[in-house]
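Undergrad: any chance you can model this:
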Amino acid sequence: MDVIEGKALQVSDAIISCQLDGKGGLIPIAEDEVIHCERPCWLHLNYTHRQSAEWLQSTAQIPDAVRDALAGDSMRPRVSRLGDGFMIVLRSVNHNSDARPDQLVAMRVFINDKLIVSTRRRKVYAVDEVLTDLQNGNGPIDCGSWLVDVCDALTDHTSEFIEVLHDKIIEMEDALLDQRMPARGELGLLRKQLIVMRRYMAPQRDVYARLASEKLGWMDDSERRRMQEIADRLGRGLDDLDAGVARTAILADEVASQMAESMNRRTYTMSLMAMIFLPATFLTGLFGVNLGGIPGGEWRYGFTIFCLLLVILALSVAGYLRKRRWL
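TA: Predicted coordinates:
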């Protein structure tokens, strides 16, 4: 039976360092003990921390081919098989308070039947959920169930965020029906979030499907079925994202149509106002020339009568436009 010295898995700045006890709980790793590998160990590291970065580059517990990937060089969701293990890159909805949810968090995992090494830079809340289950004694019992639980939690967060985006689309559609325009940039941000989620979740669904189809000794049939269900659930979320992109395109067309209609109404109103006052403008310009012979120029009531005639003329033009149903 393979064994590992505890000090080989001791990383001073590790976020999580434990061994699964096979009953849904965990056992902290002590430096002076010998770890029997019938139950897997789990290290969760922040690869930007100095001790974690040095351990990733120097440890003999992981293959050389995954060192750079675990240190943050790989971004898109993908899976690579390495013997009896996998190198997996996954994306999570960002629940950190200093960022938007669509600014996805990357999580990298090397996993085989004896060891789980996961790394991240920003906090991944799905990992905290799995850790909480382990601390409560109802967590994963082996590598296969750990991987399924993490993927399930990631997909739960993704589905919740997709539902939030769907609700925003409905609110925006209802607002447009009431002739209320969305705030500046709101529709653009919504479309960006939908497209970003679609870009990263499509390959992540393929990762889940690949994991469900692989035949490995540390994943049994029930775990593969659960992984396929997770892939199918994420696939339904992708269908919702595709529908959301199409609906926001229709919303953008409707916004442009309403803005053009509003502009046309204003232009039309201004044109009618100009038409009403055009005769008056002509007469005031004519009578405003500085030449002799202006009718009524010497009459004390000439200006008053002229103003009344201008008002009557404007009302007459307005009445004509209203009769023709232009106004």
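
Undergrad: okay, helices next: where are they in the stretch 51-200 of the chain?
TA: 67-68, 125-136, 143-177, 186-213 (DSSP state H, counting those that start in this stretch).

Undergrad: so which of these gets nearest A274?
TA: Closest approach to A274 among those (CB to CB): helix 143-177, 31.5 Å. In short, each C-beta sits where N, CA and C put it, glycine included.

Undergrad: between helix 125-136 and the closest one, find me the angle.
TA: Orientation of helix 143-177 against helix 125-136 (axes from the mean of the first three to the mean of the last three CA atoms, to 10 degrees) gives an angle of 130 degrees.

Undergrad: mind starting the numbering at 31 from now?
TA: All set: I'll call the first residue 31, so the last point we hit is now helix 173-207.

Undergrad: beta partners for L50?
TA: Beta-bridge pairing for L50 (DSSP bridges): L56.

Undergrad: quick check: it touching L161?
TA: No. Assessed by CB atoms under 8 Å, L50 is found out of contact with L161, at 11.4 Å.

Undergrad: which of these two has more neighbours?
TA: L50 (22 against 17; other CB atoms under 10 Å).

Undergrad: residues in contact with the more buried one?
TA: L56, I57, R69, P70, C71, W72, L164, G169, P170, I171, D172, W176 (CB atoms under 8 Å, 6 or more residues apart in numbering).

Undergrad: so among these, where is pLDDT lowest?
TA: Among these, R69 carries the weakest pLDDT, at 81.

Undergrad: I'd say that residue and C48 touch.
TA: No. When contacts are counted by CB under 8 Å, R69 is not listed as touching C48 (10.3 Å).

Undergrad: and the two? which has more neighbours close in?
TA: C48 (21 against 17).

Undergrad: going through the contacts of L50, which ones are buried?
TA: Listed as buried from those are L56, R69, P70, C71, W72, L164, G169, P170, I171, D172, W176; burial here means 16 or more other CB atoms under 10 Å.

Undergrad: same list, the helices of the stretch 81-230 of the chain, but as CSV with distance to G115 please.
TA: What follows is these, written out as CSV (distance: least, CB to CB, whole Å):
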stretch, distance to G115
helix 97-98, 14
helix 155-166, 19
helix 173-207, 9
helix 216-243, 12
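
Undergrad: between these, which gets nearest to V123?
TA: helix 173-207 (4.5 Å).

Undergrad: just checking, what packs against that closest one?
TA: Where contact means 3 or more CB pairs under 8 Å, 6 or more residues apart in numbering; DSSP states H and E, helix 173-207 is packed against strand 115-122, strand 135-141, strand 145-150, helix 155-166, helix 216-243, helix 251-317.

Undergrad: A344: which of those is closest?
TA: Nearest to A344, of the helices and strands packed on helix 173-207 and by CB to CB, is helix 251-317 at 5.5 Å.

Undergrad: now for the closest one, which elements pack on it?
TA: Packed next to helix 251-317, using 3+ CB pairs under 8 Å, 6+ apart, are helix 173-207, helix 216-243, helix 332-353.

Undergrad: next, the buried residues of the second one.
TA: Along helix 216-243, these residues count as buried under the neighbour rule (16+ other CB under 10 Å): 217, 220-221, 223-224, 226-228, 230-231, 234-242.

Undergrad: with the last one instead?
TA: Counting neighbours by 16+ other CB under 10 Å, one finds that the buried residues in helix 332-353 are F336, L340, L343, V347, A348.

Undergrad: distance of I335 relative to V341?
TA: Per CB to CB, to the nearest Å, I335 is found 11 Å from V341.

Undergrad: what do you get for V123?
TA: Where V341 is concerned, V123 sits at a distance of 66 Å (CB to CB).

Undergrad: with I57 instead?
TA: For I57 relative to V341 (CB to CB), the value is 96 Å.

Undergrad: ok, now I192?
TA: With CB to CB as the criterion, I192 and V341 are 63 Å apart.

Undergrad: check S292 too.
TA: 31 Å.

Undergrad: ok, back up a step: and for L50 and L161, which residues touch both?
TA: Contacts common to L50 and L161, judged by CB under 8 Å, 6+ apart, are G169.

Undergrad: and stretch 314-325, how far apart are its ends?
TA: Using CA to CA, to the nearest Å, the end-to-end distance of stretch 314-325 comes to 13 Å.

Undergrad: an error on my part: the question was meant for stretch 307-325.
TA: 21 Å.

Undergrad: what residues sit buried inside it?
TA: Buried, per 16+ other CB under 10 Å, within stretch 307-325: F307, A310.

Undergrad: mean confidence for it?
TA: So the average pLDDT for stretch 307-325 ends up being 75.

Undergrad: following element in sequence after the helix or strand bottoming out on mean pLDDT in the chain, please.
TA: Lowest on mean pLDDT, DSSP states H and E among the helices and strands of the chain sits strand 64-66, with a mean of 58. Counting by DSSP states H and E, the next helix or strand C-terminal to strand 64-66 is strand 71-76.
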